[in-house]
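J.: the sequence isn't on hand, but the structure is:
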């Protein structure tokens, strides 16, 4: 019997997290499924541990790090399922989440892309499973710092759907790649991820292309829930933010109207500057060393702007 869903996991130096993720998928998924793991040249013994613990799954151990986007394309090429589910290695599947997400997709086919609710390990909401596309307004709120000051505001933190507890089904703009369901046929029509995005931004680009080319209207359901720890494969915050800002600038170049692009680029560059300035002031007022450390990190990100300010150009 062909699998209904092919579950794609990209592993990179997350051995214990990946093993836990795979165990949870195995115990919580009832639908006919297959699991395809691409190991991006991990140095922590991930590939060997996965092969020993799960000899039945498809393991593609690479000799170099392909990046998240390209590795998912490799895994998808091997898939046989009706649906593809991209699942991060730092996740734990709960309460038949994969089955529930596929059932949701079956009932809302026009969405074409689907995701569910994510929490941290302590049960707190992890709001990162979905977000709104960038706009001049969201970039302005980031540059001024309003999205940090008013995280719960649907107006000032609209990119992250501030104020919404992820407790209701709704249409969204972007589904994060950590828990991302799409029909394999649609993935192939779109050509999968654009591999120019090594890490970060690839799911935004795909969702925006799917909306334009296929009329996709991605949807979220709280009925499918996983634990997503977040950031296990990239612990250095400055490196992560440089990658993220580089991807955001590329998304501006590709998906913003021409007349908005110069304004958007200026606003994006203001984000790390405003963060370091605000944290420095807060550190002086409170004397807290932790705030000084955070300010120094944002200064480093700002100082490295030549690495990200032009996107992939």
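T.: Sure, I can see it. Bear in mind the structure is a predicted one, so any value in this text is a computation, not a measurement.
J.: contact partners for the spatially closest residue to residue 96 that is not a sequence neighbour?
T.: The spatial neighbour of residue 96 that comes closest, neighbours along the chain excluded (Cβ to Cβ, 6 or more residues apart in numbering), is residue 28 at 5.5 Å. Yep, even glycine has a C-beta here, placed from its N, CA and C like the rest. By Cβ atoms under 8 Å, 6 or more residues apart in numbering, the contact list for residue 28 reads 93, 94, 95, 96, 97, 98, 99.
J.: leaving out sequence neighbours, find the closest residue to the second one.
T.: Using Cβ to Cβ, 6+ apart and skipping the chain neighbours, the partner closest in space to residue 94 is residue 225 (5.5 Å).
J.: using CSV, lay out the contacts of residue 28 together with distance to residue 242, secondary structure and pLDDT.
T.: As requested, the contacts of residue 28 are arranged in CSV below (distance: Cβ to Cβ, whole Å; DSSP: H, G, I helix; E, B strand; the rest coil; pLDDT from 0 to 100):
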residue, distance to residue 242, secondary structure, pLDDT
93, 31, strand, 97
94, 33, coil, 93
95, 37, coil, 95
96, 38, coil, 97
97, 32, helix, 98
98, 33, helix, 98
99, 38, helix, 98
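J.: greatest separation within the residues you listed: which pair is it?
T.: Pairwise distances across these peak at 11.4 Å for 94 and 99 (criterion: Cβ to Cβ).
J.: ok, residue 259 - how many residues close by?
T.: A count of neighbours around residue 259, defined by other Cβ atoms under 10 Å, yields 7.
J.: how close does it get to residue 136?
T.: With distances defined as Cβ to Cβ, to the nearest Å, the gap from residue 259 to residue 136 amounts to 10 Å.
J.: same check, this time on residue 121
T.: As judged by Cβ to Cβ, residue 121 and residue 136 stand 36 Å apart.
J.: ok, residue 11 next?
T.: Applying Cβ to Cβ, one obtains 38 Å for the distance of residue 11 from residue 136.
J.: between the two, tell me which one has more neighbours.
T.: In this comparison of residue 11 against residue 136, neighbours counted by other Cβ under 10 Å, the higher total goes to residue 11 at 30 against 14.
J.: the more buried one and residue 44 touch, don't they?
T.: No. Checked against Cβ atoms under 8 Å, the pair residue 11 and residue 44 is beyond contact range at 9.5 Å.
J.: got the residue ranges for the strands in the stretch 51-200 of the chain?
T.: Assigned by DSSP state E, counting those that start in this stretch, the stretch 51-200 of the chain shows strands spanning 58-61, 83-87, 91-93, 113-119, 125-126, 130-131, 170-171, 174-175, 179-183.
J.: shaky segments in the stretch 151-300 of the chain?
T.: Segments of the stretch 151-300 of the chain classed as low confidence (criterion: pLDDT under 70) are 231-236.
J.: need the helices for it, in chain order.
T.: If DSSP state H, counting those that start in this stretch is used as the criterion, the helices of the stretch 151-300 of the chain fall at 184-190, 202-214, 237-255, 261-286, 289-303.
J.: got those helices as a markdown table, with distance to residue 61 columns?
T.: Shown next, in a markdown table, are the helices of the stretch 151-300 of the chain (distance: least, Cβ to Cβ, whole Å):
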| stretch | distance to residue 61 |
| --- | --- |
| helix 184-190 | 23 |
| helix 202-214 | 22 |
| helix 237-255 | 24 |
| helix 261-286 | 37 |
| helix 289-303 | 33 |
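J.: possible to save these as a markdown table with mean neighbour count and distance to residue 66?
T.: Putting the helices of the stretch 151-300 of the chain into a markdown table (neighbours: other Cβ atoms under 10 Å; distance: least, Cβ to Cβ, whole Å) gives the following:
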| stretch | mean neighbour count | distance to residue 66 |
| --- | --- | --- |
| helix 184-190 | 16 | 17 |
| helix 202-214 | 20 | 12 |
| helix 237-255 | 19 | 15 |
| helix 261-286 | 17 | 27 |
| helix 289-303 | 16 | 25 |
